[in-house]
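Colleague: A predicted structure for the sequence below; I have some questions about it.
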There are 2 protein chains.
Amino acid sequence: MYPWYRSMANSGSIAGRLGDATLAQTQGGITAPAGFKTAGVHCGIKASPSALDLAVLATDAPASAAALFTTNLAKAAPVLVSREHLNQSHGIARAVVVNSGCANACTGAQGLDHARRMAEETAGAVGCPPEQVLVASTGVIGVALKIDRVVTGIRAAAAAMTRDGGSDAARAIMTTDPFPKECAVIVQTPRGAFSIGGMAKGSGMIEPNMATMLGFLTTDAQVSPAVLRRALQESARDTFNAITVDGESSTNDTLFALASGSSGVVIDETTYPSLLEGFLAVSRELALGIVRGGEGATKLIAVTVSDATNVDAARQVARTIANSLLVKTAVHGADPNWGRIVAASGRAGVAFDVESATVHVGGILMFEKGLPHDDAAPQVAEHMKGHEVRIDVSLGSGGGASATIWTCDLSAEYVRINGEYRT
Amino acid sequence: MYPWYRSMANSGSIAGRLGDATLAQTQGGITAPAGFKTAGVHCGIKASPSALDLAVLATDAPASAAALFTTNLAKAAPVLVSREHLNQSHGIARAVVVNSGCANACTGAQGLDHARRMAEETAGAVGCPPEQVLVASTGVIGVALKIDRVVTGIRAAAAAMTRDGGSDAARAIMTTDPFPKECAVIVQTPRGAFSIGGMAKGSGMIEPNMATMLGFLTTDAQVSPAVLRRALQESARDTFNAITVDGESSTNDTLFALASGSSGVVIDETTYPSLLEGFLAVSRELALGIVRGGEGATKLIAVTVSDATNVDAARQVARTIANSLLVKTAVHGADPNWGRIVAASGRAGVAFDVESATVHVGGILMFEKGLPHDDAAPQVAEHMKGHEVRIDVSLGSGGGASATIWTCDLSAEYVRINGEYRT
């Protein structure tokens, strides 16, 4: 429905129809839906005085909330506290507080105190119980938060929140991201219109199952916490959980969704598909933005594996190709090296017959019946010089299942960024 | 017994005692044991006239033979033919023929014909049935062998074989390897002395389970094909299968062992441990040489995971750390970023309690009870500026199992090599 190559620059270009409902992209991000306000400020975690490093997002009234967290065993303090708060509040939230520049991970008891303090200060500023505040952090691991600066920042941000603060918030959550990522859509249904907004940050340590990724979705649809969680899980599977930059997953990965209900449009079995499509559209834009903004990335790569016996098998092969250093460096060099794609497929742990498999790059057949089509190489090299590279592998299993994983190329710049990040 | 950091430069430094037997490093490689001769020649697969690209190794009489092959589903023609020949000959071989510069992989029926032709020509030159010849190839995938040049090269190499040809052979199997890798030891037993020699090539697409790696072990011990195979499997597990450069495994990975019996020392249950120790010593030297010579590598990294509930769990965590791009780039930049080590451990799919885990780098405690020891950072950074970096993670599971995986750092040079390899 929305092509894989839809770019972040194509604002206003998302459009679709689903039964009686239509969907269209609109301006803005997390405050596009009614009932939300936000601000991003500089509180002093990042060195540069012009660098925003803290955001507070609040709802006008208690909102439904849902979250997905990192599957890493080493979970950061904000992840532990947010999970605890969502349980205590039974999926109700009034605010989210986020800082960048410091992950508050591997920080022990003091880290938990700091994350709780962030929630308490935010709760005090917006007037709600602390368990109705969700917390997220991103940045360097193992360094204590400068909590006094954070507290000052929370008060400043809470005082500054507006309906127009979305862009500042999207900047305040960035670490090595080269650009902010936000997106919003309006969904028209026979019962009325509702909006969905979102923002996200990357941009290394990105792998399916919540990498060092923070994502925030907002909607003014009226939806229970349970249904909100279902929509979040179902939309993340093929968007935020279908991207990889470097195969790493982090201590802090978090995806939050908040529903204010301000539009008055009730989500039930009839309207759920519209909500899901909207979540998918916004999440796909944000997730692809994370990949495009991956550390050192110069190209977006869409790896689609088809004709697998089941979706998990397709996903596993696609992920192995997408994480292959040799494939990623070949794409970086615009080298039509189908051999590396075949070799990565063959070591993915999924049984298939190489003689029945095909490889297309940029829609051009490169490998079939165990043999290359090297005549196509010059044409494929041209495709690979662009910023969007498409790799399609059919396993020829007769199963018909398929999956897409998005990744980026691997450049010397990635090495530079990550060899020098901390020092 | 042999420290992990034993360098390729330390020739003559391997020494050990095992019951009544002693082991000492000696000069040379695959022709150090009696009963073998070899030559490496330039036949024209590689462009440069000075680049050796073909080697033939022959035994004076039929020898016991064993092999391990790539687990990749996409198996190259020489792998298929060598496996077939070993089955047909019941583990007897007279010669091995190897070329570099062309992998003869994904080359279809013609590729199989070419691999068989290589065996036939070699068989003709040494005077044995074709099924007593093993074949290996390494280089670019999906390109047809220049079989006429290869045939000419086989004849030239077979005519030039000597007891001193080991160094040329070790050069003739190189692709992007920065240096040749060969090693030999003498094992003294109460029954007499026997020798073990070996050579190997890397140097990208390296991951446990036979990466783009060719390895060759020779011995003049008298050993049956079945026992030779057992020694090869047991020694490879902790050497050739415990290294990774980039997590890739290839279509052509092969490890061969040949036993001439010329020393007259019979391997039985009493002498088997000496053979195994010798195989381990030679294989470890060669395997570490592959990692040191990994594409773009500037440092050897030994990742040891201990106190796991079982060896597989230890190996899995060690491998995840060893393949982590963020760990590899941090080591490249001499950045004591224990957080990336903890994060990689936590996503390895092995359950453990992060609070009970410890991380040492260069023997210095960096992480304990969920918290960093950042005071140690400057000292650790000094360790990391060297060419050998040691990472030790204890999972604190009370299980006591441990495993070591060796890898190298990830540099911009790796990206350069692999973005430009084919074009």
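Modeller: Arrived safely.

Colleague: helix or strand for residue A:86, which one?
Modeller: Per DSSP states H and E, residue A:86 falls inside helix A:77-89.

Colleague: who touches that helix?
Modeller: A:65-67, A:69-70, A:93, A:104-105, A:107, A:111-112, A:114-116, A:118-119, A:129-137, A:251-254, A:256 (C-beta atoms under 8 Å, 6 or more residues apart in numbering or on different chains). (C-beta placed from N, C-alpha, C; glycine too.)

Colleague: could you do stretch A:109-116 as well?
Modeller: Under the criterion C-beta under 8 Å, 6+ apart, residues A:76-78, A:80-81, A:104-105, A:107, A:130, A:135, A:137, A:144-145, A:147, A:150 lie in contact with stretch A:109-116.

Colleague: got the buried residues for that stretch?
Modeller: Neighbour-count burial for stretch A:109-116 flags A:111, A:112, A:114, A:115, A:116 (criterion: 16 or more other C-beta atoms under 10 Å in any protein chain shown).

Colleague: got those as CSV, with secondary structure and pLDDT columns?
Modeller: Shown next, in CSV, are those (DSSP: H, G, I helix; E, B strand; the rest coil; pLDDT from 0 to 100):
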residue, secondary structure, pLDDT
A:111, helix, 96
A:112, helix, 97
A:114, helix, 98
A:115, helix, 98
A:116, helix, 98
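
Colleague: quick check, nearest of those residues to chain B?
Modeller: residue A:111 (8.7 Å; C-beta to the nearest C-beta).

Colleague: between the contacts of stretch A:109-116, which is closest to residue B:305?
Modeller: residue A:105 (20.6 Å; C-beta to C-beta).

Colleague: how about the closest one: what's its closest non-neighbour residue?
Modeller: residue A:76 (3.4 Å; C-beta to C-beta, 6 or more residues apart in numbering or on different chains).

Colleague: surely the one you found meets residue A:108?
Modeller: No: contact criterion C-beta atoms under 8 Å: residue A:76 and residue A:108 do not qualify, at 11.2 Å.

Colleague: neighbour count for those two, which is higher?
Modeller: Remark: of residue A:76 and residue A:108, residue A:76 carries more neighbours, 30 against 15, as counted by other C-beta atoms under 10 Å in any protein chain shown.

Colleague: show the contacting residues for the nearest residue to residue A:127 once chain neighbours are set aside.
Modeller: In this structure, residue A:127 finds its nearest non-sequential neighbour in residue A:94, 8.0 Å apart by C-beta to C-beta, 6+ apart. Residues counted as contacts of residue A:94 (C-beta under 8 Å, 6+ apart) are A:58, A:59, A:61, A:62, A:63, A:123, A:126, A:127, A:128, A:132, A:133.

Colleague: not counting sequence-adjacent ones, nearest residue to residue A:336?
Modeller: With C-beta to C-beta, 6+ apart as the criterion, residue A:336 has its nearest non-adjacent residue at 3.9 Å, and that residue is residue A:380.

Colleague: in terms of pLDDT, where does the one you found sit?
Modeller: Listed pLDDT for residue A:380 reads 95.

Colleague: mind listing what's buried in the helix or strand containing it?
Modeller: Applying DSSP H and E as the criterion places residue A:380 in helix A:377-384. Judged by neighbour count (16+ other C-beta under 10 Å), helix A:377-384 contains these buried residues: A:377, A:380, A:381, A:383, A:384.

Colleague: quick one: the strands in the stretch 201-350 of chain A?
Modeller: In the stretch 201-350 of chain A, the strands defined using DSSP state E, counting those that start in this stretch lie at A:214-219, A:243-244, A:254-259, A:300-308.

Colleague: now the residue nearest to residue A:127: which helix or strand?
Modeller: strand A:92-102.

Colleague: that strand: how far from the chain's middle?
Modeller: On the basis of C-alpha atoms, centre = their mean, to the nearest Å, strand A:92-102 sits 16 Å off its chain's mean C-alpha point.

Colleague: compute the inter-axis angle for that strand and strand A:254-259.
Modeller: Per axes from the mean of the first three to the mean of the last three C-alpha atoms, to 10 degrees, the angle that strand A:92-102 makes with strand A:254-259 is 150 degrees.

Colleague: between strand A:92-102 and helix A:77-89, how many degrees?
Modeller: Using the same axes, to 10 degrees: strand A:92-102 against helix A:77-89 is 180 degrees.

Colleague: could you give the average pLDDT over strand A:92-102?
Modeller: Mean predicted lDDT for strand A:92-102 stands at 95.

Colleague: could you list the alpha-carbon positions for that strand in CSV?
Modeller: In CSV, the C-alpha atoms belonging to strand A:92-102 read as follows (Å, rounded to 0.1, in the frame of the first residue of the first chain):
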residue,chain,number,x,y,z
ILE,A,92,-2.9,5.2,31.8
ALA,A,93,-0.4,8.0,31.3
ARG,A,94,-0.4,11.8,31.4
ALA,A,95,3.1,12.5,30.3
VAL,A,96,6.4,11.2,28.8
VAL,A,97,9.8,12.6,29.7
VAL,A,98,12.8,11.9,27.5
ASN,A,99,16.4,12.9,27.6
SER,A,100,19.2,12.4,25.1
GLY,A,101,23.0,12.4,25.7
CYS,A,102,22.9,9.9,28.6
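
Colleague: for residue A:313, give me its contacts.
Modeller: Remark: with contacts taken as C-beta under 8 Å, 6+ apart, residue A:313 is in contact with A:350, A:395, A:397, A:399, A:401.

Colleague: now with 6 Å?
Modeller: Contacts for residue A:313 (C-beta atoms under 6 Å, 6 or more residues apart in numbering or on different chains) come out as residue A:350.
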